[in-house]
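> Sequence and computational prediction follow.
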Amino acid sequence: MAVKVIMPKQGLQMTEGTITGWLVEEGGSCTEGTPLFEMETDKLTITMDAPATGTLLKIIHGVDAVVPITHTIAIIGEPGEDIAALLAEAEAQNPAAASTASAAPAAPAAAPAAPAAQAAPAKEQEGKKFATPRAKMRAEEKSVNVMDVPASGPDNLVIERDVLAYEPAPAVKATPLAKKIAEIENVDLSEVKGTGSHGKIVKNDILSAVAARIAAAQTVKAKEDGAPAGRTKRVVPMTKMRKIIAERMVASLQTEAQLQHVVRCDMTNAAALREVYKKKNKKISYNDIVLYATSRALMDFPMMNASITDEGIEMHDYVNLGMAVAIDTGLVVPNIKDADMMRIDEIGVVAKELADKAKNNTLGLAEMSGGTFTVSNLGMFGLDQFTAIINPPESGILAVGAITKTPVVVNDQIVIRPMMSVTLSYDHRIVDGAPAAEFLRRVKEYIEEPTLML
Amino acid sequence: MSRKTYAMAIRDVLASEMKRDEKVYVMGEDVQKLGGIFGCTRGLADEFGDDRCFNTPISEQLMIGAGLGSACSGMRPVVELMYMDFTFVAMDQILNQVAKTRYVFGGKARIPLVIRGQQGIGRGNAATHSQSVESIFMHFPGIKVACPATGEDAAGLLRTAIRDDNPVMFFEHKGLYATKFEVPDDPDFCIPFGKARIAKAGTDVTIVANLLYVHRALEAAAILEKEGISAEVIDPRTLVPFDYDAVEESVKKTGRLVVVHEAHKTAGWGREVAAEISERCFRYLDAAPITLGTKACPLPFALNLEEAAVPSVADIVAAAKATLYK
Amino acid sequence: MDRERALWIYTTMNKIRAFEEKSYKFFEENKLRGSVHLYTGEEACAATVCSTLTDDDYITSTHRGHGHCIAKGAELDKALAELMGRATGYCKGRSGSMHIADFSKGNLGANAIVGGGIPIATGAGLSIKMLKKTNVCVCFFGDGASNEGTFHESINFAAIHKLPVIFVCENNGFGISVPLEQSTAVEDIADRAVGYGIPGVIADGYDVLDLDEKFLAAKERALKGEGPTLLEVKTYRYRGHWTGDPETYRDRAVTEEWKAKDAIVRFGNYMVENGLATQEEIDKIQADVNEEMDKAAEFALNSPLPDPAHLMDDVFFEG
């Protein structure tokens, strides 16, 4: 007899959950009471046990799917068992709400959370909720929707005292941006106090809520064991974005043969170039110069602009140049499409646009997918030099450090020059050490002598 | 006020009304010298004469029919049935004659007839002498139905019944006869029909009960009180007319209704009340009304079986809690 | 018998006959409905018995009650209006044929339950006795009712208390279709009186004089406080049990035999022969009755139906 695995309700307010991982593959066997899948709600991340022993015949909702509670997410049974009826039943369960996020590379911020409009039907999908006449009357008196009230009566029956105890969520006013971030971060808007005009919730309110949640979780999850007397350890639940970053970074290191070369660039001429543009009332940054130089160098070394796929090495005759942008909640990597065909000032404009979008959380999925190489600049943090992990399936990443006045030897004279380190991480599966070094030297040449790029 | 038994409260009202109005008389089985098997007519024949309180043959049809004929022709008879179970022997006279005479003859008849007697469990009288039969008389229009639960109510309601120009079925409970109550001495003390008594005020659940079950409901209410549940116990006192307004008002407050009686649950008056209240104030209900009554078996003799057949105090407590989902 | 009472009895018998025949006609014409049990052929009993009763004397009647009702003083128009379910009827259109009564005339009701009125009459007798009145209660019932428990219970009680009740059993030989010999072990119901220690008397229901004599004796006994009498009146109904009765259970020839000795004709002849009335007076009575009956029919036909607004009136006395 096949058994349904449902999206379990965890906590009174939960209406839907996100599947964050299946611990058993479809067709694999599972045992009742042992972990089957991981899920995340707006409140918690939890590993759920299998409700029955048998074969995981079908995973209906894959990773990142947002599923209303009680909906079937998988079926456990005996191999060959007819589960058509159960599948049909699952199919009938509000298919619109059962979306599966495409695991787009470098696209954590684009995870399609269930829009608010779907939350309501999902609630109605519970359907089996009833209310006593008196509960309905009281709900009317309180001007609350009785179906929003958690039921304590038998068979999901809302009774009078449920309504009396119910504190309805006030109508939430939030900016579209705040709503979007809240969606991504699974922040319940009804729990956020707005600081905008007329109490409107703005971006910072959500970010504060996220910070507060982390702090609260730290408090809640404080552990005593193993910590020095009077001190505590604490477990901070990972945000969805954090989890994705973590997975991708580990995957990157595990799948690519990464190693680094470092060069130091004299930025004297780059500074002069900026002055030239400045006189024309155009503003370009050092980073724009790095991006421009990288895009041109990549055209010279196409292997650095390639990816390994199952079929072979995928060469790109274009440069979609990724730029890592730190945001409050993590990291995103939008890319500048066709960077190789842009003028330096054009690159500057697009880079700024993408950085702003990243900070406002308004990047689209397309802007974050399809990159061919990445530049990560942490110069603003004063790092002289650092290394970066490649953003798969790309083959390289440049880690750009701060520009510092450094005594260097030029023509046997010790002079002070603005120097900047550039560290290339590359995938040795595609590129060997010498060509990687050559590429890096080319980058260095372009940065130090921009006229060479002409 | 005097402290007296429920039976004496009845006897004293009979005496007081016979004294007040010469047309009032009592007839029934064993009422004359014996004073009724429960003593409710004790001394009346001595005080008022054998023609004002006299024995009848064991002829229930005659007793009821003669009561009707006599009531229609100038007298105010009080007919004592030894057991209200015996109404069945005289059902044609009660339901086809007494109940309909005023209406079918164009409203010209006045029928100041009281048919009184006891019923209920408690004395091991078994199937044909332990029933609670009042619901039947609520079903057919034309007769008023009174059910006193206390000595005071017995006195006040009986006096009202005797002075009423309509036929009244007066149901006493054998289990209450020996219980002492404070009873007003006023010879004109009347309790109007159709006016319920709030036996105990409460806020969480309304319990409607009559006769012996008013007392059992109060016991249940005391237990509930200890568990933090405030039950309101309502005794309708008369089933016809029925004070639905009082129950409605209470249920609007509490949102929950339990009706409990010794009459059979099936088609019993509790179901009638539950239905009427559901119709009147459905939106105020937080739970379906629960009716408790004697199970659908004839009342058995063995004490434990008899108690198993009728609702217990624990049943009332459980029902009240069930309406509160507790 | 004095002339006045004879004229009253004769007139009353004719009224009853005219009323029953009009009822029959109206039933056939679908102008009235329901169970209509006709007293045609039995008129002498009600008319003679009631000829000495006042409004303070009581009667109880039966499902075949039109005759008793009229004999106890009801007007033909209001009686017919009641049969037709009109607002002007004696019972406001609530009773129809089977429960017709003018309560104000001491009629405690026709009673559609066989034997249902016998205890009620006994109770009225009890009141008369307790109130020390010089009245009687006449309890009309049929041969069929004598097999009901109420017959036994009531006569026994009336006998014990020597109540002023005359139990008049109108024995027309059939309980609907069942002949007396199939329902009753004794030939004469009057014989049952022995069981109650009271007189059981048989009267000829087609002989006003015999009826009158026997009834007056019973009435005198009642008024003297000697108790009830069971007076069995042998009679016959010309019509079936109800309008529409196919009468498969009895011989039409027997009906013709009874009709041949019709009590109305017989008493009319007696009155003329004994100088109590002239033939012209007899003829005029019939003509007057017919005229009254026609007027009554017109009254009833023109009477309004009861107003449903009053449907719930009188279930209880309010006051």
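Everything's here; your move.

> Let's test this: mean pLDDT of the helix ranked longest in chain C, rounded?
Criterion DSSP state H: the longest helix present in chain C is helix C:3-28. Regarding helix C:3-28, the rounded mean pLDDT is 97.

> Leaving out chain neighbours, which residue sits closest to residue A:5?
Spatial nearest neighbour of residue A:5, excluding adjacent residues (Cβ to Cβ, 6 or more residues apart in numbering or on different chains): residue A:74 at 4.0 Å. From N, CA and C alone the C-beta is placed, and that goes for glycine too.

> Point out where the stretch 51-200 of chain A drops to low pLDDT.
Applying pLDDT under 70 to the stretch 51-200 of chain A flags the ranges A:94-127, A:169-171.

> Point out the residues in it that sit beside chain B.
Residues of the stretch 51-200 of chain A that fall close to chain B, judged by Cβ under 8 Å from any Cβ of the partner chain: A:132-137, A:152-154, A:157, A:159-160.

> try 7 Å
A:132-137, A:152-154, A:159-160 (Cβ under 7 Å from any Cβ of the partner chain).

> Can you go through those residues and name the buried ones?
Burial by neighbour count, 16 or more other Cβ atoms under 10 Å in any protein chain shown: within these this picks out A:132-137, A:153, A:159-160.

> Show me what the helix or strand containing residue C:269 is packed against.
For residue C:269, the element it lies in under DSSP states H and E is helix C:263-273. Here helix C:263-273 touches helix C:3-28, helix C:43-50, helix C:279-302, going by 3 or more Cβ pairs under 7 Å, 6 or more residues apart in numbering or on different chains; DSSP states H and E.

> mind listing what's buried in that helix?
C:263-264, C:266-268, C:270-271.

> Please find the angle between the direction vectors of it and helix C:279-302.
140 degrees (axes from the mean of the first three to the mean of the last three Cα atoms, to 10 degrees).

> how far does helix C:263-273 sit from the chain's center?
Offset of helix C:263-273 from its chain centre (Cα atoms, centre = their mean, to the nearest Å): 20 Å.

> residues in contact with the residue of the stretch 151-300 of chain A found nearest chain C?
Here the stretch 151-300 of chain A gets closest to chain C at one residue, residue A:160, 36.8 Å apart by Cβ to the nearest Cβ. Contacts for residue A:160 (Cβ atoms under 7 Å, 6 or more residues apart in numbering or on different chains) come out as A:132, A:134-135, A:138, B:255, B:286.

> which residue does the stretch 351-454 of chain A bring closest to chain C?
residue A:361 (73.9 Å).

> Chain neighbours aside, what residue packs nearest to residue 290?
This is for chain A. residue A:400 (5.5 Å).

> I was after chain C.
Nearest residue to residue C:290, sequence neighbours excluded (Cβ to Cβ, 6+ apart): residue C:18, at 6.1 Å.

> Just confirm the one you found contacts residue C:289, I think it does.
Yes. When contacts are counted by Cβ atoms under 7 Å, residue C:18 is listed as touching residue C:289 (5.1 Å).

> Against chain B, how distant is the closest residue in space to residue C:199 that isn't next to it in sequence?
Leaving aside its sequence neighbours, residue C:199 sits nearest to residue C:229 (Cβ to Cβ, 6+ apart; 4.9 Å). Going from residue C:229 to chain B by Cβ to the nearest Cβ, to the nearest Å gives 18 Å.

> which residues does residue C:229 bridge with?
Beta-bridge pairing for residue C:229 (DSSP bridges): residue C:166.

> Let me see the contact set for residue C:240.
Per Cβ under 7 Å, 6+ apart, neighbours of residue C:240: residue C:247.

> Distance-wise, check it relative to chain B.
25 Å.

> Phi and psi next, for that residue.
Main-chain dihedrals, residue C:240, degrees, to the nearest 10: phi -70, psi 180.

> With residue A:429 instead?
According to degrees, to the nearest 10, residue A:429 has phi -70, psi -30.

> What is the burial count for it?
13 (other Cβ atoms under 10 Å in any protein chain shown).

> My read is that residue A:378 contacts residue A:386, right?
Yes. With contact defined as Cβ under 7 Å, residue A:378 counts as touching residue A:386 (5.9 Å).

> For residue B:135, which non-adjacent residue is closest in space?
Take residue B:135 and drop its neighbours on the chain: the residue closest to it by Cβ to Cβ, 6+ apart is residue B:269, 4.3 Å away.

> So the one you found sits against residue B:136, correct?
No. At 9.2 Å, residue B:269 does not count as touching residue B:136 under the criterion of Cβ under 7 Å.

> follow-up on the earlier one: which two of the buried ones among the residues of the stretch 51-200 of chain A next to chain B have the greatest separation?
The largest separation in these, counting by Cβ to Cβ, is between A:137 and A:153 at 15.0 Å.

> Right, and chain B sits closest to which residue of chain A?
For chain A, Cβ to the nearest Cβ, closest residue to chain B: residue A:134, 3.8 Å.

> wait, what's in contact with the residue in the stretch 51-200 of chain A that chain C sits nearest to?
Chain C sits closest to residue A:133 of the stretch 51-200 of chain A, with a gap of 30.0 Å, by Cβ to the nearest Cβ. Residue A:133 makes contact with B:282-285, according to Cβ under 7 Å, 6+ apart.

> try residue C:234
Residue C:234 sits next to C:171, C:202, C:204-205 when contact means Cβ under 7 Å, 6+ apart.

> which among these gets closest to chain B?
residue C:171 (21.8 Å).

> Could you give the number of residues near the closest one?
23.

> Pretty sure it sits against residue C:236.
No. Residue C:171 is not in contact with residue C:236 according to Cβ under 7 Å; the separation is 9.2 Å.

> Might one say that residue A:390 is in contact with residue A:398?
No. The pair residue A:390 and residue A:398 fails to qualify as a contact (Cβ under 7 Å) at a distance of 10.4 Å.

> ok so, going back, can the buried residues of helix C:263-273 go into TSV with extra columns for pLDDT?
Converted to TSV, the buried residues of helix C:263-273 look like this (pLDDT from 0 to 100):
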residue	pLDDT
C:263	97
C:264	97
C:266	97
C:267	98
C:268	97
C:270	97
C:271	97
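
> of residue A:390 and residue A:398, who's got more company?
For residue A:390 versus residue A:398, neighbours defined as other Cβ under 10 Å are more numerous around residue A:398 (25 against 21).

> and the helix or strand containing the more buried one, which strands flank it?
In the assignment (DSSP H and E), residue A:398 maps to strand A:396-410. The pairing partners recorded for strand A:396-410 under DSSP bridges are strand A:373-377 (parallel), strand A:413-427 (antiparallel).

> and residue A:401, what does it touch?
Shown in contact with residue A:401 (Cβ under 7 Å, 6+ apart): A:378-379, A:383-386, A:420-421.

> Smallest gap between the stretch 1-150 of chain C and chain A, at which residue?
Proximity of the stretch 1-150 of chain C to chain A (Cβ to the nearest Cβ) peaks at residue C:94, 39.8 Å away.

> same thing with the stretch 201-326 of chain B?
Proximity of the stretch 201-326 of chain B to chain A (Cβ to the nearest Cβ) peaks at residue B:286, 3.8 Å away.

> just checking, that residue touches residue B:255?
Yes. Residue B:286 is within contact range of residue B:255, at 3.9 Å (criterion: Cβ under 7 Å).

> Overlap of the contact sets of the two?
A:134, A:160.

> Show me which positions of the helix or strand hosting residue B:305 end up buried.
Per DSSP H and E, residue B:305 falls inside helix B:303-309. For helix B:303-309, burial by neighbour count (16+ other Cβ under 10 Å) applies to B:306, B:309.
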